[in-house]
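here is a sequence together with a model predicted from it:
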Amino acid sequence: MYTTYHLSSAQEINTDILDAIKATFKSKPITIIVEEDDGAFELTADMKAVLNERLQEDDSTYLSSEESINQLNKKYGL
């Protein structure tokens, strides 16, 4: 199990966060990694694979982003 906390500043770290971590993980061993968020988004290998598959699709079946979103809304109620 993992939990991610996104903070806009290191100054937001307080005892509430530590208490939440303790309550969530109790006496289980944990690892805390702190990294600076540079705002860059990196695609995972799985994301790249899906995008590469989409690039290989027949252009005649192309859907615009708007039409894709409309279909997703109808199917999943997004």
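Noted; the coordinates are in hand.

what's the helix or strand for N52?
N52 is part of helix 45-55, with elements assigned from DSSP states H and E.

now find how far off-centre that helix is within its chain.
When distances are taken as C-alpha atoms, centre = their mean, to the nearest Å, helix 45-55 is centred 16 Å away from the chain's centroid.

same thing with stretch 27-47?
Centroid displacement of stretch 27-47 relative to its chain, using C-alpha atoms, centre = their mean, is 10 Å.

what lies in contact with it?
By C-beta atoms under 8 Å, 6 or more residues apart in numbering, the surrounding residues in contact with stretch 27-47 are H6, I21, L51. Using the backbone N, CA and C atoms, a C-beta is placed for each residue, glycine as well.

how many neighbouring residues does D37 have?
8 (other C-beta atoms under 10 Å).

cool, I30 as well?
I30 has 13 nearby residues by other C-beta under 10 Å.

kindly report the same for T3.
Using other C-beta under 10 Å, T3 has 9 neighbouring residues.

excluding chain neighbours, what is closest to it?
Closest residue to T3 apart from its sequence neighbours, by C-beta to C-beta, 6 or more residues apart in numbering: T24 at 6.1 Å.

right, and the one you found touches Y5 too?
No - between T24 and Y5 there is no contact under C-beta atoms under 8 Å: 10.9 Å.

what residues are up against M1?
If a contact means C-beta under 8 Å, 6+ apart, then M1 has T24, F25 as its contacts.

that older thread, which strand or helix spans the residue nearest to T3?
helix 15-25.
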